[in-house]
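A.B. asks: Here's my sequence, what's the structure:
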Amino acid sequence: MKKLNSKLKIVIIASSIGLVSLLSYGFVDSYFEVSKNLDIFATLFRELNIYYVDETNPGQLMKKGIDDMLASLDPYTNYIPESEIEDYRYMTTGQYGGIGALIHQEGDYVVISEPYEGFPAQKADLRAGDKILKVNDIDVKGKKSDDISKFLKGQANSSIKLLLEREGEKKPIEKTINREEIKIKSVSYYNMISPSIGYIKLTGFTENAANEVKEALLDLKKKPELKSLVFDLRGNPGGLLKEAIDIVNLFADKGTTVVSTKGKVKDWDNVHKALNNPVDLNIPIVVLVDRGSASASEIVSGSIQDLDRGVVIGQRSYGKGLVQQTRPLSYNAQLKVTVAKYYTPSGRCIQALDYSHRNEDGSVDKVPDSLISAFKTKNGRIVYDGGGIAPDIAVESDKYSALLQSLVTKNLIFNYATKYRVTHETIPAIKDFKLTDAEYDDFVSFLNTKEYDYTTKTEKALQELTDDAKADKTLDAIKAEMDALKTKISHNKKEDLVKYKPEIKQFLEEEIASRYYFQNGRLEASLKDDKELKEAIAVLNDTERYTKVLTTIVKAEKPMYNPEKTKLKDIHKRQSSEN
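C.D. replies: Numbering: from 1, shown residues only. The predicted structure is shown next:
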């Protein structure tokens with residue numbers, strides 16, 4: 001009987017394989033390759049763990065193997081183990097359990113970078129610059145910020161005790177903080193920036209981002225003087241596709257095509273239309289973008305541009321036209337996998353790098369010029385695919401000195417702001433706050449005892465020339481001239497502190513403003529001398545120019561891919577982690 005059953009199973013299996021092969025030989029062939037390689041991997045992994053000469057860590061080995069495998073595809077397809085689910089949850093929802101503060105590493109200790117207004121850290125009067133000495137009576141000297149982050153995060157309504165060293169206090173301060181569910185808003189700031197122009201800053205596309213933008217817009221519309229809007233997507237790395245669609249829908253009529261997606265699995269071939277009634281179909285809009293505007297930010301800015309619903313100002317965006325979805329794995333792990341490409345209403349995909357065709361060394365090239373195509377906006381303006389969203393009006397990004405970069409990355413501007421806060425209980429409203437020349441001189445004196453150095457572009461160029469001359473064996477012949485030139489161009493810190501005073505003062509004012517008015521204060525201070533914002537205001541105040549940009553048909557330049565460059569203003573936050 002057993003033999004009969006076995007034979008019957010074999011016949012059924014063989015018949016099934018035959019039938020499937022008739023229907024789709026390619027599928028069976030692919031399935032066999034997957035099965036074969038899974039079997040090889042499983043046996044290799046088992047043998048390695050049994051026989052390798054030293055003890056192995058199976059979990060680390062497996063994660064390394066998975067990460068390297070996925071890295072061969074694209075940077076956005078990632079394995080998320082159970083231990084990192086909370087971090088992923090924060091990325092998609094903006095929500096986590098903790099104290100609500102940024103932290104960063106300084107030497108052997110971790111320091112509070114910025115408490116979030118209205119959350120436990122700020123309620124307990126934690127301040128930027130506070131050095132964490134102990135957590136729940138555990139000495140944390142030598143601990144890294146990742147370790148401290150794990151201590152600070154936890155279930156809402158649980159408590160944590162911190163021992164802190166604070167500038168201006170002779171003895172350490174002890175604080176007991178009750179954790180809460182922290183929800184960071186996607187709309188970090190909105191206000192009127194001129195008598196008739198509103199401004200909304202969106203930092204991410206987490207859950208409820210569209211509702212936050214809608215609420216901000218409706219609140220601004222209560223002001224009868226509102227005539228136009230600046231929508232700031234600079235530095236916004238993207239997020240949820242649905243939120244991007246719903247945000248465009250605020251300014252586009254119900255039924256308007258916002259974005260299309262196309263993938264290998266036909267379920268991902270979709271046309272996403274605006275499903276709701278708009279808030280305002282007529283208000284003039286300027287969308288600000290830069291090289292840090294990616295993914296969902298490009299869906300919004302690209303759709304607004306293709307629909308000729310507003311003017312895009314700034315620098316070319318990042319160029320990420322790939323859509324990800326999470327898939328559940330065993331043991332509560334997740335796979336974030338690229339499932340489709342997205343296309344703006346004109347039909348263009350703005351993906352800049354071609355991950356499907358890697359070079360032999362593993363590097364990736366931009367989409368070749370031969371494959372870049374022209375598309376037309378609703379009004380017939382020419383736009384291109386293959387390289388991010390090109391602004392309608394380009395504004396060159398700020399270029400900061402090597403001196404300022406050194407002062408920021410070595411936390412010297414941050415530490416001076418901490419010192420300033422001790423000696424100044426209050427400052428004026430942001431619109432009136434300005435660092436005096438005497439206070440700037442005090443900052444220069446503060447630097448006298450600090451270690452910092454930097455290499456200017458000219459110094460770098462001279463060093464490269466020296467290296468080339470050495471390689472060509474011509475250095476000896478020109479050494480005297482090179483040494484003289486080196487002496488002439490060597491930077492002088494005191495002179496540079498005078499030369500670059502305006503940009504250094506700007507960063508000092510922003511950092512100091514954050515000590516009194518938190519995130520809103522930092523952003524508001526940064527807008528006071530913002531080139532892109534000034535251009536946006538000029539365009540919105542000139543109705544004829546605004547209309548001309550949206551209706552003039554000119555031949556645009558083909559995209560030139562620029563890899564994302566970290567803005568100096570983002571360095572401090574990227575060095576910090578959420579808690």
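A.B. asks: any idea of the pLDDT on P328?
C.D. replies: Model confidence at P328, expressed as pLDDT, equals 92.
A.B. asks: Just give me the neighbour total for it.
C.D. replies: 8 (other C-beta atoms under 10 Å). (Glycine included, C-beta is placed from N, CA and C.)
A.B. asks: Likewise for the one 3 residues further on?
C.D. replies: When counting by other C-beta under 10 Å, one arrives at 6 neighbours for Y331.
A.B. asks: what separates it from G59, distance-wise?
C.D. replies: 11 Å (C-beta to C-beta, to the nearest Å).
A.B. asks: V395 now?
C.D. replies: Distance from V395 to G59, by C-beta to C-beta: 48 Å.
A.B. asks: Give the next helix or strand downstream of the least confident helix or strand in the chain by mean pLDDT.
C.D. replies: Every helix and strand in the chain was compared by mean pLDDT, DSSP states H and E; the lowest is helix 2-23, with a mean of 37. The helix or strand immediately downstream of helix 2-23 is helix 25-51, counting by DSSP states H and E.
A.B. asks: Which elements pack onto that following helix?
C.D. replies: helix 2-23, helix 58-71 (3 or more C-beta pairs under 8 Å, 6 or more residues apart in numbering; DSSP states H and E).
A.B. asks: I would like the residues contacting the shortest one, please.
C.D. replies: Among residues not part of helix 58-71, those counted as contacts by C-beta atoms under 8 Å, 6 or more residues apart in numbering are F45, L48, N49, T77, N78, Y79, P81.
A.B. asks: Got a PyMOL select line for the buried ones in these?
C.D. replies: Typed into PyMOL, the line below selects the buried ones among the contacts of helix 58-71, using 16 or more other C-beta atoms under 10 Å:
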select buried, resi 77+78+79+81
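A.B. asks: tell me which of the contacts of helix 58-71 is nearest to Q519?
C.D. replies: N78 (27.8 Å; C-beta to C-beta).
A.B. asks: Could you find the closest non-adjacent residue to the closest one?
C.D. replies: Spatially, and ignoring its direct neighbours in sequence, N78 is nearest to K336 (4.7 Å; C-beta to C-beta, 6 or more residues apart in numbering).
A.B. asks: Kindly report the same for I184.
C.D. replies: Nearest to I184 is G94, by C-beta to C-beta, 6+ apart, at 4.3 Å.
A.B. asks: Same question for N520.
C.D. replies: Nearest to N520 is Y189, by C-beta to C-beta, 6+ apart, at 5.3 Å.
A.B. asks: Where does the residue nearest to N78 sit: helix, strand or coil?
C.D. replies: strand (DSSP: H, G, I helix; E, B strand; the rest coil).
A.B. asks: Checking my notes, V323 in a strand, right?
C.D. replies: Yes - applying three-state DSSP, one finds V323 inside a strand.
A.B. asks: If you tally nearby residues, what's the number for it?
C.D. replies: 22.
A.B. asks: Kindly report the domain assignment for the chain.
C.D. replies: 96-183, 187-258+271-318+349-397+555-572, 402-454+491-541, 457-486 (automatic domain parsing).
A.B. asks: How far off centre is the first one?
C.D. replies: By that I understand domain 96-183. With C-alpha atoms, centre = their mean, to the nearest Å as the basis, domain 96-183 stands 24 Å off its chain's centre.
A.B. asks: Ok, the last one next?
C.D. replies: Relative to the chain's own centre, domain 457-486 is displaced by 39 Å; criterion: C-alpha atoms, centre = their mean.
A.B. asks: List the buried residues in it.
C.D. replies: L462, T466, A469.
A.B. asks: Check which element follows the host helix or strand of the second one along the chain.
C.D. replies: Pointing back at T466 there. T466 belongs to helix 457-471 when assigned by DSSP H and E. Per DSSP H and E, the first helix or strand lying C-terminal to helix 457-471 is helix 475-489.
A.B. asks: What are the buried residues along the helix or strand following that following helix?
C.D. replies: Using DSSP H and E, the helix or strand that directly follows helix 475-489 along the chain is helix 493-499. Within helix 493-499, the residues that count as buried by 16+ other C-beta under 10 Å are D496, L497.
A.B. asks: Which strands or helices does helix 493-499 pack on?
C.D. replies: Using 3+ C-beta pairs under 8 Å, 6+ apart: helix 493-499 touches helix 402-409, helix 437-447.
A.B. asks: Can you mark which positions in the last one are buried?
C.D. replies: For helix 437-447, the buried set under the neighbour-count rule, 16+ other C-beta under 10 Å, comprises E439, Y440, F443.
A.B. asks: So the closest residue to E459 other than its chain neighbours versus D483, what's the distance?
C.D. replies: Leaving aside its sequence neighbours, E459 sits nearest to I489 (C-beta to C-beta, 6+ apart; 6.3 Å). According to C-beta to C-beta, I489 stands 11 Å off from D483.
A.B. asks: And for L465?
C.D. replies: Going from L465 to D483 by C-beta to C-beta gives 13 Å.
A.B. asks: Could you pull up the residues touching Y343?
C.D. replies: V259, S260, T261, K262, G321, C349.
A.B. asks: Adding pLDDT, write those out as CSV.
C.D. replies: Below are these laid out as CSV (pLDDT from 0 to 100):
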residue, pLDDT
V259, 97
S260, 96
T261, 95
K262, 94
G321, 94
C349, 94
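A.B. asks: which one of those is nearest Q105?
C.D. replies: G321 (35.1 Å).
A.B. asks: between the contacts of Y343, which has the most around it?
C.D. replies: Going by other C-beta under 10 Å, G321 tops the contacts of Y343 with 27 neighbours.
A.B. asks: Backbone dihedrals for the closest residue in space to that residue that isn't next to it in sequence, please?
C.D. replies: The spatially closest residue to G321, leaving aside those adjacent along the chain, is Q351, at 3.3 Å (C-beta to C-beta, 6+ apart). In terms of degrees, to the nearest 10, the main-chain angles of Q351 are phi -60, psi 130.
A.B. asks: Would you check how far apart Q351 and G388 are?
C.D. replies: When Q351 is compared with G388 (using C-beta to C-beta), they lie 9 Å apart.
A.B. asks: can you give me the helices in the stretch 201-350 of the chain?
C.D. replies: Per DSSP state H, counting those that start in this stretch, the stretch 201-350 of the chain carries helices over the ranges 209-221, 241-249, 296-306.
A.B. asks: for the ones you listed, which one sits closest to E167?
C.D. replies: helix 209-221 (35.0 Å).
A.B. asks: follow-up on the earlier one: which helices and strands does the helix holding T466 pack with?
C.D. replies: By 3+ C-beta pairs under 8 Å, 6+ apart, helix 457-471 packs against helix 475-489.
A.B. asks: how much does the helix it packs on deviate in direction from helix 457-471?
C.D. replies: With axes from the mean of the first three to the mean of the last three C-alpha atoms, to 10 degrees defining the directions, helix 475-489 sits at 170 degrees from helix 457-471.
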